[in-house]
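In: With the sequence up front, the predicted model follows.
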Amino acid sequence: IITFLAVAGTWLCDYYNIEAEFPLTLVAIAIVFPVVFSIDSAYKRRERALGLLGDFKAHAMSIYHAVKDWTPNDAAYKADVKAHLLDVYSSIREFFVAEHDKENSAEKNIYIKMSELSALLQKLRDYDLQAGEMSRINQYSSKILTSVENLKVFWHYRTPITLRAYSKVFIYTFPLIYAPYFVSVAEKYSHGLEYVMPVIFSFILVSLDNIQGHLENPFDQIGEDDIKFDVEEFGDLLDL
């Protein structure tokens, strides 16, 4: 659409002999800078979310290793703890990839699974563990919840909608506004090349906007740069 508008606008201005000199710095200030700022913000949010997911996995693995080392003769209990940890991880994945109408139920399921895990970990008291060791397990559970809540913050609060709307308005109107400029500089080019610049400009702007759009929600599993919830691979790591 943007490319079509750019070419059509340039053709109309050329047909009616409408020319004007516009500074290209306006493009940088009004369009490129806000879009690049949004990309940088979305990228930093994604990197922070990756760190939080790593924290979650580290705390979950710490819980499992503690159970495995402190209850060496209870294979059934270890398997039960592992299954509950994977259930928590799966519930997190289901929440972040859920459809809009299923978000509430998926969010509640996270806390249900965490409650079940917490109740299961209380059975460690039957092994006469010291109070400090039980406190450490509870701290791991608390840190898991902290990581989940911080991940939810990144999921709920993204790039300001007004900034996204502002960028899109200028990206869509840019081809028409700058069509007289493309005609004015076309005199320096061979015949037919006057449409190269509007096509290149539209390609650059739309590409930047698409990059920002893909980074905006790093949990939707659309695109190569999204955060992957490797539940199955994580389960294999627990058995090492």
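Out: That came through fine.
In: Buried residues in the helix or strand of the chain with the lowest mean pLDDT, which are they?
Out: For the chain, using mean pLDDT, DSSP states H and E, the weakest element among its helices and strands is helix 25-27, scoring a mean of 84. Residues of helix 25-27 classed as buried: residue 27 (neighbour count, 16 or more other Cβ atoms under 10 Å). The way it works is simple: take the backbone N, C-alpha and C, and place the C-beta from them, glycine included.
In: likewise stretch 107-125?
Out: With burial defined by 16+ other Cβ under 10 Å, the residues of stretch 107-125 counted as buried are 107, 109, 110, 113, 114, 117, 118, 120, 121, 124.
In: how close does residue 115 sit to residue 141?
Out: Counting by Cβ to Cβ, to the nearest Å, the gap from residue 115 to residue 141 is 10 Å.
In: Now do the same contact list for the residue lying closest to residue 133 once chain neighbours are set aside.
Out: Closest residue to residue 133 apart from its sequence neighbours, by Cβ to Cβ, 6 or more residues apart in numbering: residue 70 at 7.1 Å. With contacts defined as Cβ atoms under 8 Å, 6 or more residues apart in numbering, the neighbours of residue 70 are 124, 127, 129, 133.
In: and of the residues you listed, the nearest to residue 222?
Out: Closest approach to residue 222 among the contacts of residue 70 (Cβ to Cβ): residue 124, at 40.7 Å.
In: Help me confirm that that closest one comes into contact with residue 69.
Out: No: with the criterion set as Cβ atoms under 8 Å, residue 124 and residue 69 do not qualify as a contacting pair; they are 11.5 Å apart.
In: give me the number of residues near residue 236?
Out: The number of residues packed near residue 236 is 9, by other Cβ atoms under 10 Å.
In: Next up, the contacts around it.
Out: Taking Cβ under 8 Å, 6+ apart, we find residue 236 in contact with no residue.
In: helix/strand/coil for the residue nearest to residue 226 when sequence neighbours are not counted?
Out: Nearest-residue entry for residue 226: residue 218, 5.3 Å, with adjacent residues in sequence omitted and distances by Cβ to Cβ, 6+ apart. Per DSSP: H, G, I helix; E, B strand; the rest coil, the secondary structure class of residue 218 is coil.
In: does residue 218 really touch residue 44, like I thought?
Out: No: under the criterion of Cβ under 8 Å, residue 218 is not in contact with residue 44, lying 11.1 Å apart.
In: gap between the longest helix along the chain and the chain center?
Out: Across the chain, the helix with the greatest residue count (assigned by DSSP state H) is helix 33-70. Taking the mean of its C-alpha atoms, helix 33-70 sits 11 Å from the chain's own mean (Cα atoms, centre = their mean, to the nearest Å).
In: Please apply the same query to stretch 10-18.
Out: Mean-position distance between stretch 10-18 and its chain equals 42 Å (Cα atoms, centre = their mean).
In: Please apply the same query to stretch 134-150.
Out: Mean-position distance between stretch 134-150 and its chain equals 23 Å (Cα atoms, centre = their mean).
In: Kindly report the same for stretch 101-112.
Out: 19 Å.
In: What lies in contact with that stretch?
Out: 88, 91, 92, 94, 95, 98, 148, 152.
In: go again using 7 Å as the cut-off
Out: Residues lying outside stretch 101-112 but in contact with it, judged by Cβ atoms under 7 Å, 6 or more residues apart in numbering, are 91, 92, 94, 95, 98, 148.
In: can you pick the most crowded of those?
Out: residue 92 (26 neighbours).
In: which SS class is it?
Out: Under the three-state scheme (three-state DSSP), the conformation of residue 92 reads as helix.
In: Quick check: it touching residue 147?
Out: No: using Cβ atoms under 7 Å, residue 92 is not in contact with residue 147; the gap is 9.2 Å.
In: where are the low-confidence patches of this protein?
Out: In the predicted model, the chain carries no residue with pLDDT under 70.
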